[in-house]
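generate a structure from the sequence data that follows.
(chains A and B)
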There are 2 protein chains.
Amino acid sequence: MTYGDVMNARQRTSARGEERRAEIVRAALEVIAERGYRAASLAAVAERVGLTQQGLLHHFPTKDALLVAVLEERDKWDAVAAGTWRPELLASLVEYNATRPGIVQTFSALLGESVTDGHPAREYFTERYVRVRASMVAALRTEYGDRLPNGLTPERAAPLLVAVMDGLQYQWLLDPDSVDMPGAFRDFLALLGESSPTG
Amino acid sequence: MTYGDVMNARQRTSARGEERRAEIVRAALEVIAERGYRAASLAAVAERVGLTQQGLLHHFPTKDALLVAVLEERDKWDAVAAGTWRPELLASLVEYNATRPGIVQTFSALLGESVTDGHPAREYFTERYVRVRASMVAALRTEYGDRLPNGLTPERAAPLLVAVMDGLQYQWLLDPDSVDMPGAFRDFLALLGESSPTG
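Numbers count the residues shown, from 1 in each chain, chains lettered A, B, ... in the order given. Coordinates of the predicted model:
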């Protein structure tokens, strides 16, 4: 075997490992959506990807390690809205979310659990909200300056923006036929002073 | 023993039974706040009120029966805002909630779980939101007529109002020092057209 053969073999192994990890994370997202995190078992995740629990532990040594990988998925999701955020882009994100109830269910279930005592995702969500509110403040300031057309400061509007996104997800997950999540979110953006609501 | 003695004894027993049930429900509220419903055990609730699990089953034959009693507590909580609801009254409710994080934690945890598959509280929350949105629509119509000052119909404003209340609770539970829940909610009421935000 040449050096090149060895490296190729290593890369193949590593790529297979990455694929396997991604497959496990997808299964974990499903199991958490179905049961929540505390009630999710590694055995259920392992079964879904055709591994023994021992085989799964090779990729993720603990349930919490798997949770970290799940939350990293969450961060990728947010990344769309980070940095160059604009109201229109955020409205598109909410529209996109309306096409994937499974993933919204996973994270709405995790957020709900995160407020329980000593939950392993609590710190993650607490820090995430600090970050997301700050990023909304920056975006609102870029858009409107120090006061929105309605008179609120960006600092006071940001928690409302985040609350509406989260709160609408619960209403929509429970009753998708009654709740037009993207439409309601656009109404809220209009309230924030972007433009007059139509219709 | 006279008839009166028998009736008094029965009433005492019944009053003791009611007190015991109320005590169990309070313990269940705590355990759900700490762990969520799926991960809560009847044994943990029983232990908290100094009963055996068998003793607890005398009052609530199943875990789901106890959940029903917990959700009836939730309804009492809502009753404050029903019927004669006005923006000012709702702002007071949010202020009151900010003084009792434990109970807000219980119901935020339950709402989060309710979106998971086949959760026993799912139907309850779905129906509750239908009812609460309808009650907000009626209240907004009484307050503003068919259009709010910002141009939205009561039907389109109601889901936003509910979403802000729920969403702010998560941010506040995770980070009470950073999030002024009652202040933010008043800002939102101002956005809905009640008055201009101050400060």
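
in three-state terms, label the residue nearest to A:Asp175 when sequence neighbours are not counted for me.
Spatially, and ignoring its direct neighbours in sequence, A:Asp175 is nearest to B:Thr126 (5.3 Å; C-beta to C-beta, 6 or more residues apart in numbering or on different chains). C-beta here means a position set from N, CA and C on the backbone, and glycine is covered the same way. Classification of B:Thr126 using DSSP: H, G, I helix; E, B strand; the rest coil returns helix.

repeat that for the one 10 residues further on.
Under three-state DSSP, the three-state class of B:Met136 is helix.

quick one, what contacts it?
Contacts for B:Met136 (C-beta atoms under 8 Å, 6 or more residues apart in numbering or on different chains) come out as B:85, B:154, B:157-158, B:161-162.

the residue in chain A that chain B sits nearest to is in what secondary structure piece?
Residue nearest to chain B within chain A (C-beta to the nearest C-beta): A:Gly112, separated by 0.8 Å. Per DSSP states H and E: A:Gly112 is located in helix A:101-114.

and if you look at A:Gly50?
Secondary structure assigned from DSSP H and E places A:Gly50 in neither a helix nor a strand.

one step back: run the chain-centre distance for the helix holding A:Gly112.
A distance of 8 Å separates the centroid of the chain from that of helix A:101-114, by C-alpha atoms, centre = their mean, to the nearest Å.

tell me which residues of it come out buried.
Judged by neighbour count (16 or more other C-beta atoms under 10 Å in any protein chain shown), helix A:101-114 contains these buried residues: A:101, A:103-114.

sorry, back to before: confidence score at the residue nearest to A:Asp175?
Per-residue confidence for B:Thr126 comes out at a pLDDT of 97.

repeat that for A:Leu140.
Among the per-residue scores, A:Leu140 shows a pLDDT of 92.

buried stuff in the one helix or strand it maps to?
Assigning secondary structure by DSSP H and E places A:Leu140 in helix A:122-144. Of the residues in helix A:122-144, those buried by neighbour count under the rule 16+ other C-beta under 10 Å are A:122, A:124-126, A:128-129, A:132-133, A:135-137, A:139-141, A:144.

of all those residues, which comes closest to B:Gly167?
Nearest to B:Gly167 among those, counting by C-beta to C-beta, is A:Tyr129 at 10.3 Å.

one step back: contacting residues around the residue of chain A closest to chain B?
Shown in contact with A:Gly112 (C-beta under 8 Å, 6+ apart): A:36, B:36, B:108-115, B:170.

next one: A:Lys63
Residues in contact with A:Lys63 (C-beta under 8 Å, 6+ apart) are A:40, A:42.

if we use 10 Å, what do you get?
With C-beta atoms under 10 Å, 6 or more residues apart in numbering or on different chains as the criterion, the residues that contact A:Lys63 are A:28, A:37-38, A:40-42, A:45, A:56-57, A:120.
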